[in-house]
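Student: when you get a sec, could you give me coordinates for this:
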Amino acid sequence: MSLFKKIFSKEKKETLDKGLEKSKTSFFNKLSKAVAGKSKVDDDVLDNLEEVLVSSDVGVDTTLKIIERIEERVAKDKYFGTDELNQILREEIAALLALTNTGNDIDFTIPDNKRPYVIMVVGVNGVGKTTTIGKLAAQYKRKGKKVVLGAADTFRAAAIDQLQIWADRVNVPMVRQDMGSDPASVAFDTLQSAVNQDADVVIIDTAGRLHNKVNLMNELSKIKRVMQKVTADKPDEVLLVLDGSTGQNAFEQAKQFTAATEVSALAITKLDGTAKGGVVIGISDQFKIPVKYIGVGEGVDDLQVFNKFEFVDSFFK
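Tutor: Okay, here's the model as predicted:
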């Protein structure tokens, strides 16, 4: 199918294949059991397939959509064998992902008319938020972009120090204040500094607390309002980082954060160490928010721009 034409470099594709290996192996082990002894896709196979998808962290609602799509094809084609199921699944999941993830970017780019491009990063502690920010900074710097980081998670000294380590490693400036400072004040100073330096990209870390959604909502809203005093219509992107290895817990975090602020893009991390890669499909479908990045390893290059066709190709390879 032309739909699955290769657009990643060989190295990137190999990294993606390796990163999804555990998820793919787990999924196909379950799938082979689901169709064992069957030559035709019938109600029993579809029931088993439903169980496979749910247990692979695709999520109940998204699983039902996929099953319905396959049932329609079974009804129309009258007969197709279990040997065709892999290709049918591949096509239907790609079609589902295409509804949310419209772009096919393979590189780290920013719009030319939005300098500085401001990314506000949200997510609970421990999901890989700081690491994702550091890797993003490295990728943009590699592209020749001038990057400024802002340490607006002022509730944890460790968060500020961790971001400083990445700033030093990548050799980009970071704006910070003392622990306990007003996060909005840090965001204001960061954006002001970026404008003065004629920076291309600003990445602002925020606190990852979920125990009180109202406080979180107020805090994120205030950060946005204060940034808009420097430059209107900021931030350009609110990036929610989710830990793919937590499976259904990632759904819950997405639900909480999308209720607290207007999330425009997702980064799903730690997919290389888990068999729960199906969570990418479910979260993308359920929240109608594009998955922009996925983390498939420890290295800087292992944070990849998400491409739906390459993802599905690796998953069903």
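Student: give me the nearest residue to Val296, chain neighbours excluded.
Tutor: Gly19 (2.5 Å; CB to CB, 6 or more residues apart in numbering). For the C-beta atoms, the positions are set from N, CA and C on the backbone; glycine is no exception.
Student: from Ala159, how far out is that neighbour?
Tutor: Remark: distance between Gly19 and Ala159 (CB to CB, to the nearest Å) = 26 Å.
Student: neighbour count winner among those two?
Tutor: Shown here are Gly19 and Ala159; by other CB atoms under 10 Å, Gly19 has more neighbours (24 against 21).
Student: pretty sure that one contacts Gly273?
Tutor: No: under the criterion of CB atoms under 8 Å, Gly19 makes no contact with Gly273, lying 9.0 Å away.
Student: wait, what's in contact with Gln304?
Tutor: When contacts are counted by CB atoms under 8 Å, 6 or more residues apart in numbering, Gln304 is found next to Lys12, Thr15, Leu16, Tyr293, Ile294, Gly295, Val296.
Student: just the ones of those residues in strands?
Tutor: Applying DSSP state E to the contacts of Gln304, the entries found in strands are Tyr293, Ile294, Gly295.
Student: emit the ChimeraX select command for whichever of these are buried.
Tutor: Those of the ones in strands among the contacts of Gln304 that count as buried under 16 or more other CB atoms under 10 Å are selected in ChimeraX with:
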select :293,294,295
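Student: contact partners for Gln162?
Tutor: Applying CB under 8 Å, 6+ apart to Gln162 gives the contacts Thr130.
Student: in what helix or strand does it lie?
Tutor: Assessed by DSSP states H and E, Gln162 sits inside helix 157-170.
Student: quick one: mean pLDDT for the next helix or strand after that helix?
Tutor: The element immediately downstream of helix 157-170 (helix or strand, assigned by DSSP H and E) is strand 174-175. Averaged over strand 174-175, pLDDT sits at 98.
Student: packing partners of strand 174-175?
Tutor: Judged by 3 or more CB pairs under 8 Å, 6 or more residues apart in numbering; DSSP states H and E, strand 174-175 is in contact with strand 147-151, helix 157-170, helix 183-196.
Student: most neighbours per residue, which of those?
Tutor: strand 147-151 (a mean of 28; mean count of other CB atoms under 10 Å).
Student: what angle do that one and helix 183-196 make?
Tutor: 170 degrees (axes from the mean of the first three to the mean of the last three CA atoms, to 10 degrees).
Student: which residues are contacting strand 147-151?
Tutor: If you take CB under 8 Å, 6+ apart as the criterion, strand 147-151 is touched by 116, 133, 137, 140-141, 159-160, 163-164, 166-167, 170, 172-177, 186-187, 189-191, 193-194, 197, 199-205.
Student: cool, stretch 174-182 as well?
Tutor: With CB under 8 Å, 6+ apart, stretch 174-182 has contacts from 148-151, 154-157, 160, 163-164, 167, 185-186, 189-190, 193.
Student: name the residues of that stretch that are buried.
Tutor: Buried, per 16+ other CB under 10 Å, within stretch 174-182: Met174, Val175, Arg176, Gln177, Ser181.
Student: for stretch 96-114, same thing?
Tutor: Within stretch 96-114, the residues that count as buried by 16+ other CB under 10 Å are Leu96, Leu97, Thr100, Asn101, Phe108, Ile110.
Student: closest one of the buried residues of stretch 174-182 to Gly278?
Tutor: In terms of CB to CB, no member of the buried residues of stretch 174-182 lies closer to Gly278 than Met174, at 35.9 Å.
Student: can you give me the end-to-end distance of stretch 111-128?
Tutor: One end of stretch 111-128 to the other measures 25 Å (CA to CA, to the nearest Å).
Student: quick one, what contacts the residue nearest to Val296?
Tutor: Taking CB under 8 Å, 6+ apart, one finds Leu271, Asp272, Ile294, Gly295, Val296, Gly297, Asp302, Ser314 in contact with Gly19.
Student: can you do 6 Å?
Tutor: Shown in contact with Gly19 (CB atoms under 6 Å, 6 or more residues apart in numbering): Leu271, Asp272, Val296, Gly297.
Student: of these, which pair is most distant in space?
Tutor: Most distant of these, by CB to CB, are Leu271 and Gly297, 8.8 Å apart.
Student: so for the two, which residue has more residues nearby?
Tutor: The neighbour count for Leu271 versus Gly297, taken as other CB under 10 Å, is higher for Leu271 (26 against 17).
Student: tell me how far that one lies from Ile281.
Tutor: Relative to Ile281, and taking CB to CB, Leu271 is found at 12 Å.
Student: Ile268: helix or strand, and which one exactly?
Tutor: Per DSSP H and E, Ile268 falls inside strand 265-269.
Student: cool, Lys76 as well?
Tutor: Assessed by DSSP H and E, Lys76 sits inside helix 60-77.
Student: and the gap between Val54 and Phe311?
Tutor: Taken as CB to CB, the span from Val54 to Phe311 is 20 Å.
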